[in-house]
Each structure stands twice: as structure tokens, then as C-alpha cells.
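*Asks:* the following block contains a protein sequence and its predicted model.
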Amino acid sequence: MEENHILIAMVEDRPGVLQRIAGLFRKRNFNIDSITVGHSEKPGISRITLTVTGDLVILEQVMKQLNKIVEVLKVIELYKDNSVLRELALIKIKIENEANRSEIVSYINIFRGRIIDVSNNLITVEITGDSSKVEAFINIVGSDKIKELARTGITAMGRGSSK
Amino acid sequence: MLMKGAEAIVKAMEREGVEVIFGIPGGASIPLYDAIYDCDIRHILTRHEQVAAHAADGYARASGKIGVCSATSGPGATNLVTGIANAYLDSVPIVAITGQVGRPFIGKDSFQEADTIGITMSVTKHNFQLMNVEEIPTVFKEAFTIAGTGRPGPVLIDIPKDIQEMKGDFDFNGKVKIEGYRPTLKGNLKQIKKASELLVNAKRPMIFLGGGTILSGATDEVRKFARILGAPVVTSLMGKGAFPENDPLSLGVIGMHGRKAANYAISEADVIIGIGTRFSDRSLMGGVGNITCFAPNTKIIHVDIDPAEIGKNVKVEVPIVGDAKFVLNNLINVLKIKAQKDNEWIRKVKKYRKEFAPNMDYDNLPLKPQRVIKEIMSILSKDDIVTTEVGQCQMWAEHFLTRSKPRTFITSGGLGTMGFGFPAAIGAKVAKPENNVIDIAGDGSFLMTCQDLDTVVKEDIPVVIAILDNRFLGMVRQWQELFYNKRYSSVNLGKVNFVKLAESFNAKGIKVTKPGEIAPAVKDAFKSGETTVIDIIVGNEDNIFPMVPPGNCLKDMMEG
């Protein structure tokens, strides 16, 4: 069954490591839905969060092939029910009139977004949450109203003492 | 230790026990070659970088050591790529060293600059760009470790010219620990016990060997295992020679052009233990991802050092990650079984072996390839090394030639690289100068790398090239005949005078047209100690059969 999976790869922070990972997905015909990279708690080690779509056979292959990359130190799968998932989106929304402005602002409040920039006919919002929350916000605003959208992709961590 | 980068590179290679480098110098590797001028490592100048890579590959396969090749930046490096990819797909340990433009010129589209690291990333086990001169000892140690251990493969080191030139203070005694690289050698004992239970209770067990058994040096263990289990043995193309093919338990190679007995028997097995094989599409044909097509009633035990190979192409009942030699030794200890020499399965398999023994006794003119292989085989001793080009000639050799020792059949299995056989023969002969080396070639394939006749003559590396000359790109022609209504699109070759070609390089050339001439020609060539091209004229539209057409299950073979 095709499903969305979240993988964490701990990698040595060396030139070309991202290219190795991206190249692997292309070469093996795996799909990356999103990828985020940043420093981890250890100096010199980066943490990559990947979301991939595929059945369990594909997932197993992705993990095994990732593990073969010399700079990859560890690959784990995170399960949604036992992890914290967050994505940040910056959304620039067109404002047509005053009524529309207050409608948008109320949505922003409901979704606990933050207005970070305002001009005559535009509002820029920051939304943080899991992907479904970001998507729900986009849907309610209406994609025709969105002038610009920047999503970071998911970053994730296991809850409590789980990995 | 204070010295130039280039000297440190040479020293690092000496410390790894490198005896020979195949390569071509160029602008970005002149400093390295200046250091090579003074060292004890033999450098063999090839006439094309692809040949250098294949020769390093052939050297590694024949000797079990790590092969080394070298090229300059840009075109030198890109010419190596085919050879590196070839070694990658067949898990051959080579280290490729490329020159690069000086660090200040990188990224500026400088003369002879190519992104060698980017280009070779997907065809190497790992690659390094040396940006700091003092890293030379560590990087070389890591490169040779990665290339030669676990599942072997090619590693490339890209070295900017200014790094080769500059002085540094080097520590050659530092320990190397590669954090993210820990191959699993010992198989899990629980899994090994599970496998042995499955094997003990099997009614129709089958051993399927891949090239990994040869790489791991497990051929003695394989023999012992087959004896204890009393099971028949088949191999992949890469596994040819891992088990003596003249043994009554051997059925030969399976796959697209495998032996009939092997293809039938594996389809009927109830337990298959695959060792050091990746269950490739050319071995399994329609059976990739479709167990009912591969072997409908089978359970599979898969032993491989690369966990990613397990479950990739077939569903596996008992996975065992580990080195073939370790795992087989454990398995032999755990197996409490007394082989039955004579049961229904063995009788059936032996019947297949006899009934489907290939016919090679053709007296036809023009010569039949089967007969040619038979005649060549009559001259070969068990230690002589056969390399092959790629295409029909390769499949004729796979199917009709039998080998009884590992590392005596060297062929481009995964990548199927035309032009491989002759350079591989060069490497094999350098590794094993006391053994005869013969390249079973096709005219099309040999024409892709034949310029290196100059190399073998100049360097005194006598090899024999036996060309099955059919004036066609035969394998493509065969497919066009069988599946494309005989529309022979771009497969015609000219009538090359290979005798003159050889002579123009100061090698020997001889043309053979009759059955009785083949064996004496090969024998004389071996005896002469000179590189000899034997141009054997065969029928131009002969086909290699049996053939499992694409998509078919192994048992559904096509015959001539």
C-alpha cells in the first residue's frame, strides 16, 4: 500500500552529501515529497528529515540504500502517532477589501498564525504545524487568494524517549 | 614527513601494496606522474582511459587485489566513467585516481575541467575530492578500505593539480575509522539455524551462486556445503567458476542464455539458497518480483553482504546478511544432515544434465560458434583465464564453455560493456603472468578497444584475442531477427582484416576458417608468448540459443 513515511537520516556534514542523497532517490526512482536539512545536536552532524511515498518494499529499499552512503550514520523511521511533526509556511495573501481583510485575520487567529508583514493589499502570514494544518489553512483562504507560498517541508522528532 | 602531495600519493599507494597502475597522464596529473617516474610501482600506459579502468578491473578480478587506474581531469576522467560503472555493477574493487584543475580554477569552466565527483557519484561506492594536502594518507587509506571490504566496488579520488604540487607534512601511521561504514560480515546465527531447518526439510533444494561467493573466497566452503547438502548447484553469469562446472552436481549458469538443465531445475526447486547474488533480471528474467514465474513452489534463503540486495528483486523467506565465507562455515556447522547421493531429485537433475547437454559437435562451414568454443576449451587448462567481450560471443562462452576454478572467467555481467574483454585480459595477464589469458571476442566488441594492441606489444603483455567474426553486431541482429521482422537496423560491420590490424601493431594475426585450425592456432598463440589476434570466421547469422525471451519465465525457453 502506498503511504507517506517520515525518515530521519543523521549524516556527516561534508560537501556533496545532499547531492548523494538526492541522487540516490533519482537513480532508484524513489519519490521525495519533502526534504529538510539542518544542524543536529552534534557538531559536524546534520539531521535530514525526508518524507517519501511508497509501499513497505520501497520504504525498506530507501532505508537500506540510504544506509549504504558512507556519510549516512543512521536512518530511522518516525511514526506519526509517536512523533512531533512540524512544518512552517510563509504565505502572502491578497486582500480585496476590508471585509475580506477581517475574514482572513480571523482565519489567521483560528489557526494561530502570525502576521509578519502587512501592506495595502497584502498580508504575509507565518503558520506552523503539521502538514494537514498548513493545508487546511491554505484551503480555507483559497488558493486563488494566495500570491506567494513558501513551505519548508516537514521536520520531525520522536516523542519523549522514543528515538 | 615533509614531501610534495604527489609524492605522498605514491607513498600512500605503496603502503597499500599497489603493484601496478593502469593509466594515461595529462595536464592535471603531470605532478603525480613526475612522482610516479621515481617509484617502484609499475605504470602501464594505455591508449584510452576506458581501457585503463577495465584493465584495473580485470587485474582485480584475476588477482583478488585492488586494481588502480589513473586519468587526468576532464576528458580523461569522463573516459574512465564507463570502466568505473562496469566495476560498480559487478562489485569489483578498483581505485580510480583523477587529476583535477587547481583549486583556484574549480567551478570556472577551466580548461579540461569536469565535475568528476558529480559525474561519478552514482557509479562509485564512494568518491573523494582532496581539498587539503595533509588528508592524502587518510583519504587513500579510507578509499582502499571502502573499495576492498564489504561488498567491493570502485572508489574515486579526485586530486586538484595544486594539491599534487604543494608540500605538506604527512602522517602515514594515523588510524582510520570510517564512522558510517561498517559492513556486516557474520551472519545472524538464528537466521542461519532457520535456513538450515528449511534446507534439511527441503525435497528439492537448489544452491544458486553469484559472484559474491568468488569475491569472498568461499569456493572451498561452497563445495563442502554442496556435498553435505547433496544439492545441485547453478550459478549466475558472475558466479561462473565458483563451483566446478564439470562436477556432477553442477548444472551451469541460469538465465536468459543459461543452460537448459539449470533453468528447468531451478524452476522446480522447493528451497533455493542464493549466495552472493543479486537475483538480477538477466538471471531471473520474468521472475523478477514474480516468484510464481521464477520458481512457483520455492522458498528462498538469501545470503548477501549487502542488505539492500535482500528483498530487492525477489521475496525472501530467510534473509541472512553476511559474508558468504562466514555464513557458509556457520551453515556447514549447523547442518546436521547426511546427504543422500541418490534421491528422486538428484536423479531428475542428473537426467536433465545428461538429456540437455549442449551439442557442440558441428562440422559446418562457415564455422559454428559452438564448435569454436569446444576447440578453444580443448586447449585451456583449469588455471587459464578466459575474458569475454560482450554480446553473442559472451553468451556463447557463458553457455558452452565450462570453468572449474574461480577467477578464471572474467566478463562484464552487470553493465554489459562492449570493449571490456581485451582490456580485462590485459589486467588479468598483468596479475597472472604465468597463466594463459584469452579474450573470447566478437568483431564489433573488439573494435571498440583494439587500439590497445599497442599497449600489450610495447609492455610485453601477451594475450590472445579469439574473435568470433560474424561481421555483425550479432546480439542486436539476433533480436532484430527474432522480434523485429529481420529489419537489420545499423548492425552491419565491414570485413575487417584483423590479421593486418594485428600486424600493424606488431602483434601476430592469424585467420581461421576450418574446425581443425582452431585448436592449433590457440595453442601456438599461447606458446609463442606474443599477443595474437585469431580471426575466426563464423556464420554471420548464427544465433545463441536457448534463449528466454524478455518477460518469459526461465522454463519457457526458445530454441533455434
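*Replies:* Ah, there it is. Numbers count the residues shown, from 1 in each chain, chains lettered A, B, ... in the order given.

*Asks:* measure stretch B:169-178 end to end?
*Replies:* For stretch B:169-178, the first-to-last residue distance is 22 Å (C-alpha to C-alpha, to the nearest Å).

*Asks:* buried sites along it?
*Replies:* B:170, B:178 (16 or more other C-beta atoms under 10 Å in any protein chain shown). In short, each C-beta sits where N, CA and C put it, glycine included.

*Asks:* let me know whether that stretch sits next to chain A.
*Replies:* Yes: counting by C-beta under 8 Å from any C-beta of the partner chain, chain A has neighbours in stretch B:169-178: residue B:178.

*Asks:* where along chain A do the strands fall?
*Replies:* Assigned by DSSP state E, chain A shows strands spanning A:3-12, A:31-39, A:45-54, A:72-78, A:83-94, A:114-119, A:122-129, A:146-151, A:155-158.

*Asks:* okay, buried residues for the longest one please.
*Replies:* Under the neighbour-count criterion of 16+ other C-beta under 10 Å, strand A:83-94 has A:83, A:85-89, A:91-94 buried.

*Asks:* number of residues surrounding the closest residue to chain B within chain A?
*Replies:* Residue of chain A nearest chain B, by C-beta to the nearest C-beta: residue A:64 (3.7 Å). The number of residues packed near residue A:64 is 18, by other C-beta atoms under 10 Å in any protein chain shown.

*Asks:* wait, it sits on residue B:307?
*Replies:* Yes: counting by C-beta atoms under 8 Å, residue A:64 touches residue B:307, with 5.2 Å between them.

*Asks:* give the burial count for residue B:412, as a bare number.
*Replies:* Neighbouring residues of residue B:412 were enumerated by other C-beta under 10 Å; the total is 28.

*Asks:* residue B:420 versus that one, what's the distance?
*Replies:* In this view, residue B:412 and residue B:420 are 4 Å apart by C-beta to C-beta, to the nearest Å.

*Asks:* residues from chain A in reach of chain B?
*Replies:* A:11-12, A:15-16, A:19-20, A:23-24, A:27, A:57, A:60-61, A:64-65, A:67-73.

*Asks:* filter the residues you listed to the buried ones?
*Replies:* Buried members of the residues of chain A next to chain B, counted by 16+ other C-beta under 10 Å: A:11-12, A:20, A:24, A:60-61, A:64-65, A:67-73.

*Asks:* and the furthest pair within the residues you listed?
*Replies:* Farthest-apart pair in those is A:12 and A:60; separation 23.4 Å (C-beta to C-beta).

*Asks:* which one of the buried ones among the residues of chain A next to chain B is nearest to residue B:406?
*Replies:* Checking those against residue B:406 by C-beta to C-beta gives residue A:68 as the nearest, at 25.4 Å.

*Asks:* now the nearest residue to the closest one once chain neighbours are set aside: how far from residue A:61?
*Replies:* Closest residue to residue A:68 apart from its sequence neighbours, by C-beta to C-beta, 6 or more residues apart in numbering or on different chains: residue B:308 at 6.0 Å. For residue B:308, the distance to residue A:61 equals 7 Å [C-beta to C-beta].

*Asks:* kindly report the same for residue B:22.
*Replies:* For residue B:22, the distance to residue A:61 equals 35 Å [C-beta to C-beta].

*Asks:* measure the closest residue in space to residue B:200 that isn't next to it in sequence to residue B:544 for me?
*Replies:* In this structure, residue B:200 finds its nearest non-sequential neighbour in residue B:337, 5.3 Å apart by C-beta to C-beta, 6+ apart. Using C-beta to C-beta, residue B:337 is found at 38 Å from residue B:544.

*Asks:* what of residue B:233?
*Replies:* Taken as C-beta to C-beta, the span from residue B:233 to residue B:544 is 23 Å.

*Asks:* more crowded one of these two?
*Replies:* For residue B:233 versus residue B:544, neighbours defined as other C-beta under 10 Å are more numerous around residue B:233 (27 against 23).

*Asks:* beta partners for the more buried one?
*Replies:* Beta-bridge partners of residue B:233, counted by DSSP bridges, are residue B:207, residue B:250.

*Asks:* check contacts around it.
*Replies:* Residues in contact with residue B:233 (C-beta atoms under 8 Å, 6 or more residues apart in numbering or on different chains) are B:206-209, B:222, B:226, B:243, B:247, B:249-251.

*Asks:* hang on, residue B:378 packs against residue B:520?
*Replies:* No: between residue B:378 and residue B:520 there is no contact under C-beta under 8 Å: 10.5 Å.

*Asks:* what does stretch B:183-194 rub up against?
*Replies:* Contacts for stretch B:183-194 (C-beta under 8 Å, 6+ apart): B:149-151, B:303, B:305, B:307, B:318-323, B:326-327, B:330-331, B:334.

*Asks:* thinking again about what came up before, mean pLDDT added to the strands of chain A, as a markdown table?
*Replies:* Putting the strands of chain A into a markdown table (pLDDT from 0 to 100) gives the following:
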| stretch | mean pLDDT |
| --- | --- |
| strand A:3-12 | 95 |
| strand A:31-39 | 93 |
| strand A:45-54 | 95 |
| strand A:72-78 | 97 |
| strand A:83-94 | 96 |
| strand A:114-119 | 96 |
| strand A:122-129 | 97 |
| strand A:146-151 | 97 |
| strand A:155-158 | 95 |
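
*Asks:* quick one: which of the ones you listed is nearest residue B:76?
*Replies:* strand A:3-12 (29.1 Å).

*Asks:* residue B:222 contacts residue B:212, doesn't it?
*Replies:* No: using C-beta under 8 Å, residue B:222 is not in contact with residue B:212; the gap is 10.8 Å.

*Asks:* show me which residues of chain B are close to chain A?
*Replies:* Proximity of chain B to chain A (C-beta under 8 Å from any C-beta) is limited to residues B:117-118, B:121-122, B:126, B:129, B:146, B:178-181, B:306-308, B:311-312.

*Asks:* one more pass at 10 Å, please.
*Replies:* With C-beta under 10 Å from any C-beta of the partner chain as the criterion, chain B meets chain A at residues B:117-118, B:121-123, B:125-129, B:131, B:142, B:146, B:150-151, B:153, B:155, B:178-183, B:289, B:306-312, B:315, B:321.

*Asks:* contacting residues around residue B:59?
*Replies:* B:19-20, B:22, B:44, B:65-69, B:92, B:94, B:423-424, B:426-432 (C-beta atoms under 10 Å, 6 or more residues apart in numbering or on different chains).

*Asks:* please redo it, this time with the cut-off set to 6 Å
*Replies:* Applying C-beta atoms under 6 Å, 6 or more residues apart in numbering or on different chains, we find residue B:59 in contact with B:67, B:427, B:430-431.

*Asks:* residues near whichever residue of chain B sits closest to chain A, how many?
*Replies:* Proximity of chain B to chain A (C-beta to the nearest C-beta) peaks at residue B:308, 3.7 Å away. Residues within reach of residue B:308, counting by other C-beta under 10 Å, total 20.

*Asks:* the one 5 residues further on too?
*Replies:* Close neighbours of residue B:313, defined as other C-beta under 10 Å, add up to 21.

*Asks:* mind listing what residue A:7 touches?
*Replies:* Contacts here follow C-beta under 6 Å, 6+ apart; on that basis residue A:7 touches A:50, A:77.

*Asks:* quick revisit: doesn't residue B:306 make contact with the residue of chain A closest to chain B?
*Replies:* No: applying C-beta atoms under 6 Å, one finds residue A:64 not in contact with residue B:306, separated by 8.3 Å.

*Asks:* still on that earlier bit, next up, the contacts around the residue of chain B closest to chain A.
*Replies:* Contacts here follow C-beta under 6 Å, 6+ apart; on that basis residue B:308 touches A:64-65, A:68.
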